[in-house]
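S.K.: Requesting a structural model of the entry that follows:
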Amino acid sequence: MSYIRTIFLYLFLVSFIFSLDDFKHVRNITSLLATTSIELSNDSSMLVSSDGGVYTVDLNTFKFSDYTDNLEYIDINSIAIGNNQFWLAGDDGNIQILDEYLNLDYIIDDTNFNSIRKIVFYEDYAFAIGSALED
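M.R.: Residues are numbered from 1 along each chain as shown. You can find the predicted model right below:
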């Protein structure tokens, strides 16, 4: 019985020495769970869109950084990269253009579309694939 008490005492003391925050764990990012697109933003990080916003993942440390507060609309269908800008195709019929630091530069909001699915670039032009509102 003394042996069992010693083990419990040891585990109790160890739990105070190493708190749970000291152990590396992946935190749950609420509302960013349904990933819609992933693009490499540079050699060491990737930009991830979801139906709840945008975040980056550092590929060296696996640290998540949430940039959803920089957006006007958070329901994102896909990401396109052109001219050091990130173009986010929105499920609300919008396109949000972010600068290289993921700050919002422009919003293209056309009410004739209810969803922009994909953006592609050709020379100096950007083309978007969208779906129109039903009459």
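S.K.: Within the sheet, what are the partner strands of the longest strand along the chain, with directions?
M.R.: If you go by DSSP state E, the chain has its longest strand at strand 113-122. Strand pairing for strand 113-122, determined by DSSP bridges: strand 125-132 (antiparallel).
S.K.: Tell me the bridge partners for the residue nearest the centre of the chain.
M.R.: Centroid-nearest residue in the chain: Tyr55, 2.5 Å away (criterion: CA atoms, centre = their mean). On the basis of DSSP bridges, Tyr55 is bridged to Val48, Asp66.
S.K.: That one reaches Asn70, doesn't it?
M.R.: No. Here Tyr55 does not reach Asn70: they are 10.8 Å apart, not a contact under CB atoms under 8 Å. Glycine gets a C-beta too; all of them are placed from N, C-alpha and C.
S.K.: Ramachandran angles for the residue nearest to Ala34 when sequence neighbours are not counted?
M.R.: Spatially, and ignoring its direct neighbours in sequence, Ala34 is nearest to Asp51 (4.6 Å; CB to CB, 6 or more residues apart in numbering). In terms of degrees, to the nearest 10, the main-chain angles of Asp51 are phi -80, psi 10.
S.K.: In contact with Asp51, which residues?
M.R.: 34, 36, 74-76, 91 (CB atoms under 8 Å, 6 or more residues apart in numbering).
S.K.: which of the residues you listed has the most neighbours?
M.R.: The residue in these with the most neighbours, by other CB atoms under 10 Å, is Ile76 (26 neighbours).
S.K.: beta partners for it?
M.R.: With DSSP bridges as the rule, Ile76 is bridged to Gly90.
S.K.: how far away is it from Asn103?
M.R.: 16 Å (CB to CB, to the nearest Å).
S.K.: do the same with Met46
M.R.: Taking CB to CB as the measure, Met46 falls 18 Å from Asn103.
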